[in-house]
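Undergrad: How does the following fold in three dimensions:
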Amino acid sequence: MGRKPGSSAPRSGEWRLRACSALLYVVVLAHIWLAPFTKVEESFNVQAMHDLWNHGADLEAYDHHLFPGVVPRTFLGAMSIVALASPALTALRLLQAPLLWQLYAVRACLGALSVASLHSIQSALAVRFGRLAALLFCLLTTMQFHTPFYASRPLPNVLACVLTNWGLAAWLGSASPARVIGLFAAAVVIFRSDAALLAAPIGSHLLLSKQVTFPRAVSLAAGAALASLALTVAVDSLMWRRLVWPEGEVFAFNTWHNKSSEWGTQSWHWYCTSALPRALHGGFPLAALGAIWDRRARPLLAVGLAFVGLYSFLPHKEARFLFPALPLFTACAAVALQRILHNAWHAKHGWRLAAAGTLGIFLAGAGVTALTTAVSRANYPGGVAIRRLHELGGGSKGAGAHPTRVHVGTLAAMTGVSRFTELPGGAWMYSKEEGLPPKALAGRGYDYLLTDQAVVEGCVAVESVLGYDHLELARPLLLTRLPLRIALAAKVWIQKCTAL
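TA: Residues are numbered from 1 along each chain as shown. Just a heads-up that it's a prediction; the model follows:
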């Protein structure tokens, strides 16, 4: 049922591939709607996109000068997204829409880029394995949690994945080695140096399959890397007002100095025993079967396993670090599922049982995705708190009235508050002043505090905002409802200062 390399999916079936990608994009948009706020890992690019559009050349007003973070990050990703989203942002400005709508717009734009890059992989799979495998790849991706949820989130990992996905598509489609190497080199130098762990096994495959010679590969990689380096250094040195290669400093911080371990460590097998099963659901066991049943899928699995194996040497581990390799495992799972469905369709009873069991596994995975989405939606109490504060009112009104001053505490800033959640116009002023206990903040002229403290001397708690706390069994257990319940707890308090 799979097609030989070099063949092409019939044009009559291209609309199905596009329709499936459109479905994936609808799911991405649903995630944006359900969880519009962002977390601390996304903060640099979120604030950068806000500042690029709303402050333009006024670099003094940019957030990164006040809160530079542990390491610098590149502005190239934020610039690209703002440029692509500029028509929508212009319309929102003309309509005088809230700033939060701008966040929806830039996230929708990034989500579209992510889906487009995944569609390129889908198209390459249609050529290599057949249209059904390509459709199943998209459907399996849609049913996962991590890829649709994070596709619109401006993490450096996600920005890098746009390039690595196009690089994977070029590799799968036997495109020019220059295109494959160039895309990966740009991803490594500009966004995520760890993309080299994926580029290395792919480069090895290009060499072993004699698609490129070693001298040619070195010259292509060096040329693309130098061009990318010149671009990022030129742009980011201007934005940071010092000579800087952001991803070079990130690499030194995380790898050379091993500072990333300060954020926690995991056992060497954590990716294989925890992260991948949670990310792939039923696709996790099927990925190996796909490589066993179809030798054309073996390079995909080999590259994915090599990436995971190399990354496992680093003690600090997070599921998002695996994002570049997830399409490879999902593709192998799609190949296996295509084999199962093909044999089941041809009245082989054992395969029909296998198909029914596989369907049950993926339905269970979809249930896990729904639960995880509900949990994640409740993980942004800071964003909910600042929106609720604005709904309560209190902004200055009339000439001469002093602005309402709000202090944003650490937890609120880490769980949803960004410049996109602020109200412009001068009626409100916001501060993330650090290093002071809540008691001291109450006497510094703030009208409100967004804090993780339920009681603050000199303040009155106006409202508390709930956030995710834990999962628990629903009692009594009934067939008419889910057995698990999301337990919420007060996370952020809106405190009104009374002692100024």
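Undergrad: Show me what the helix or strand where Ala366 lies is packed against.
TA: Assessed by DSSP states H and E, Ala366 sits inside helix 349-377. In terms of contacts (3 or more CB pairs under 8 Å, 6 or more residues apart in numbering; DSSP states H and E), helix 349-377 is packed against helix 14-34, helix 131-143, helix 146-150, helix 326-345, strand 459-473, strand 484-497. The C-beta positions use only the backbone N, C-alpha and C, and glycine is treated the same way.
Undergrad: so what strands line up beside the last one?
TA: Sheet pairing here is set by DSSP bridges, and for strand 484-497 it gives strand 448-451 (antiparallel), strand 459-473 (antiparallel).
Undergrad: Report the backbone C-alpha coordinates of it in CSV.
TA: Below are the C-alpha coordinates for strand 484-497, written out as CSV (Å, rounded to 0.1, in the frame of the first residue of the first chain):
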residue,chain,number,x,y,z
LEU,A,484,-10.8,11.7,37.7
ARG,A,485,-11.5,15.2,39.0
ILE,A,486,-9.3,18.3,38.7
ALA,A,487,-8.8,19.8,42.1
LEU,A,488,-8.3,23.5,42.2
ALA,A,489,-6.8,25.7,44.9
ALA,A,490,-6.3,29.4,45.4
LYS,A,491,-3.0,30.4,43.8
VAL,A,492,-3.0,34.2,43.3
TRP,A,493,-4.7,36.8,45.5
ILE,A,494,-5.8,40.3,44.4
GLN,A,495,-4.8,42.4,47.4
LYS,A,496,-6.0,46.0,47.7
CYS,A,497,-3.5,48.1,49.6
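Undergrad: For the residue nearest in space to the middle of the chain, give me its contacts.
TA: Nearest to the geometric centre of the chain sits Tyr150, at 3.0 Å (CA atoms, centre = their mean). By CB atoms under 8 Å, 6 or more residues apart in numbering, the contact list for Tyr150 reads 157-158, 320, 323.
Undergrad: so which of those comes closest to Gly443?
TA: Of all the contacts of Tyr150, Gly443 sits closest to Arg320, with 40.3 Å by CB to CB.
Undergrad: Dig out what Leu484 forms beta bridges with.
TA: Taking DSSP bridges as the rule, Leu484 bridges to Leu473.
Undergrad: And for it, the neighbour number?
TA: Per other CB atoms under 10 Å, the neighbour tally for Leu484 reads 14.
Undergrad: how close does Leu94 sit to Val188?
TA: Leu94 sits at a distance of 40 Å from Val188 (criterion: CB to CB, to the nearest Å).
Undergrad: Please identify which of these two sits among more neighbours.
TA: The residue with more neighbours, out of Leu94 and Val188, is Val188; 25 against 8, by other CB under 10 Å.
Undergrad: residue contacts, the more buried one?
TA: Residues near Val188 by CB under 8 Å, 6+ apart: 195-196, 199, 225, 228, 247.
Undergrad: Let me have the residues you listed in CSV, extended by distance to Gly409, secondary structure and pLDDT.
TA: Converted to CSV, the contacts of Val188 look like this (distance: CB to CB, whole Å; DSSP: H, G, I helix; E, B strand; the rest coil; pLDDT from 0 to 100):
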residue, distance to Gly409, secondary structure, pLDDT
Ala195, 35, helix, 95
Ala196, 38, helix, 95
Ala199, 41, helix, 96
Ala225, 42, helix, 97
Ser228, 38, helix, 97
Glu247, 31, helix, 95
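Undergrad: Spatially, which pair of the residues you listed is furthest apart? Let me know, please.
TA: Checking those with CB to CB, the most distant pair is Ala199 and Glu247, at 13.9 Å.
Undergrad: rewinding a little: check the strands paired with strand 484-497 for me and report the most buried one.
TA: Highest mean neighbour count of the strands paired with strand 484-497: strand 448-451, a mean of 26 (counted as mean count of other CB atoms under 10 Å).
Undergrad: right, and the strands paired with strand 484-497 - which one's nearest Thr421?
TA: Comparison of the strands paired with strand 484-497 against Thr421 by CB to CB identifies strand 448-451 as nearest, at 10.6 Å.
Undergrad: one step back: which one's more surrounded, Ala199 and Glu247?
TA: Legend: neighbour count by other CB under 10 Å for Ala199 and Glu247, higher for Glu247 (27 against 23).
Undergrad: Surely that one is in contact with Thr74?
TA: Yes: judged on CB atoms under 8 Å, Glu247 makes contact with Thr74 at a distance of 6.5 Å.
Undergrad: Please enumerate the shared neighbours of those two.
TA: Residues touching both Glu247 and Thr74 (CB under 8 Å, 6+ apart) are 190-191, 232.
Undergrad: which helices and strands sit right next to the helix or strand of the chain with the lowest mean pLDDT?
TA: When the helices and strands of the chain are scored by mean pLDDT, DSSP states H and E, helix 438-441 comes last with a mean of 78. If you count contacts as 3+ CB pairs under 8 Å, 6+ apart, helix 438-441 packs onto strand 448-451.
Undergrad: ok, so what distance separates Ala88 from Glu391?
TA: On the measure of CB to CB, Ala88 and Glu391 end up 25 Å apart.
Undergrad: Same question for Ala306.
TA: Applying CB to CB to Ala306 and Glu391 gives a distance of 51 Å.
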